[in-house]
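Chemist: predicted model and sequence below, questions to follow.
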Amino acid sequence: MAKLGLNVDHIATVRQARGGVEPDPVTAAALGELAGAEGITIHLREDRRHIQDRDLEILRRTVKTKLNLEMAATQEMVRIALRVKPEQVTLVPEKRQELTTEGGLDVIINAKQITDTVKRLKDGGIVVSLFVDPNQEQVKAANKSGTDYIEIHTGAYAEARTWEDQKRELDSIDAAIKLARKVGMGVNAGHGLNYANIKALAALGGIEEYNIGHSIIARAMLVGLERAVRDMVNLIKYA
Ligand code: PXP
């Protein structure tokens with residue numbers, strides 16, 4: 001059975017907007033697990049724009065399912081991962097100016113750095129996943145690096161506007177899944193997945209874990225708003 005890894009970065013984004021203490025991604029992670037998420041994903045970015053070191057430290061102690069740390073393959077991040085020991089690290093490319101992760105890793109051009117990083121993390125007992133585009137050459141290069149998993153970047157599929165474009169992207173994803181599994185890697189997927197596009201992707205089969213953040217947190221805000229407003233109206237009315 002495929003699993004949901006809940007990405008709670010956006011909870012931290014709202015907290016950081018005020019620089020305060022709420023909403024707390026640690027609380028969101030616990031609620032997510034209670035609702036059935038089988039993993040919690042956070043991206044500790046170099047600029048600490050949303051998730052903070054404190055979140056990682058506390059989540060390491062409180063997550064009961066699986067903690068998946070997304071990070072760049074830098075010396076600083078490898079040091080942190082080897083100290084905190086999440087169950088899984090997903091290596092992602094990171095640019096300071098981007099709003100969110102914009103593409104998969106180039107495992108061909110950065111083969112040495114990525115292979116060294118994969119080895120250091122695996123030697124530390126951490127399962128490693130590489131975030132890659134659904135491209136056969138990248139999947140082959142990922143396999144050469146020694147990684148346990150790839151996470152297929154589903155952004156192009158999520159952004160496809162016509163059924164033909166979606167079908168083309170699904171075909172590339174399906175081919176990437178098949179190649180990865182044939183050579184013995186596990187397959188995760190994520191980026192831009194939502195309540196409309198998940199079905200056709202999940203129907204492909206072969207994906208172990210979906211890492212989803214934006215659409216779930218966005219929906220939570222809307223489905224939770226009525227209750228939140230009612231609670232405040234009642235406090236005002238019955239003061
Ligand atoms: N997987 C990876 C590697 C990501 O970088 C992100 C975005 O942080 C996600 C999954 C989740 O993407 P989204 O927030 O669009 O669901």
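Modeler: Received, thanks.

Chemist: ok, the residue positioned nearest the centre of the chain to Val8 distance?
Modeler: Nearest to the mean C-alpha position of the chain, by Cα atoms, centre = their mean, lies Asn211 at 4.4 Å. Going from Asn211 to Val8 by Cβ to Cβ, to the nearest Å gives 11 Å. Every C-beta, even on glycine, is put in place using the N, C-alpha and C of the backbone.

Chemist: for Glu87, same thing?
Modeler: From Glu87 to Val8 the distance is 16 Å (Cβ to Cβ).

Chemist: what do you get for Gly20?
Modeler: Relative to Val8, and taking Cβ to Cβ, Gly20 is found at 16 Å.

Chemist: okay, the two: which has more neighbours?
Modeler: Val8 (28 against 10; other Cβ atoms under 10 Å).

Chemist: you'd agree that one is up against Ala28?
Modeler: Yes: using Cβ atoms under 8 Å, Val8 is in contact with Ala28, at 4.7 Å.

Chemist: can you list the residues of the protein near the ligand?
Modeler: Residues of the chain lying close to the ligand (Cβ under 6 Å from any ligand atom) are 7, 9, 43, 70, 90, 92, 100-101, 131, 151, 190-193, 211-215.

Chemist: distance of Glu76 relative to Gly146?
Modeler: 22 Å.

Chemist: who's more crowded, those two?
Modeler: Just comparing Glu76 and Gly146: by other Cβ under 10 Å the higher neighbour count belongs to Gly146, 14 against 11.

Chemist: straight-line length of stretch 49-65, end to end?
Modeler: Stretch 49-65 has an end-to-end distance of 25 Å (criterion: Cα to Cα, to the nearest Å).

Chemist: and that stretch, what's buried?
Modeler: Neighbour counts over stretch 49-65 (16 or more other Cβ atoms under 10 Å) mark His50, Ile51, Gln52, Asp55, Leu56, Leu59, Val63, Thr65 as buried.

Chemist: for the closest residue to the third one other than its chain neighbours, give its distance to Pro93.
Modeler: Meaning Gln52. Nearest non-adjacent residue to Gln52, counting by Cβ to Cβ, 6 or more residues apart in numbering: Ala12, 7.0 Å away. Per Cβ to Cβ, Ala12 is found 20 Å from Pro93.

Chemist: so between the two, which is more surrounded?
Modeler: Counted by other Cβ under 10 Å, Ala12 and Pro93 do not tie: Ala12 has more neighbours, with 22 against 17.
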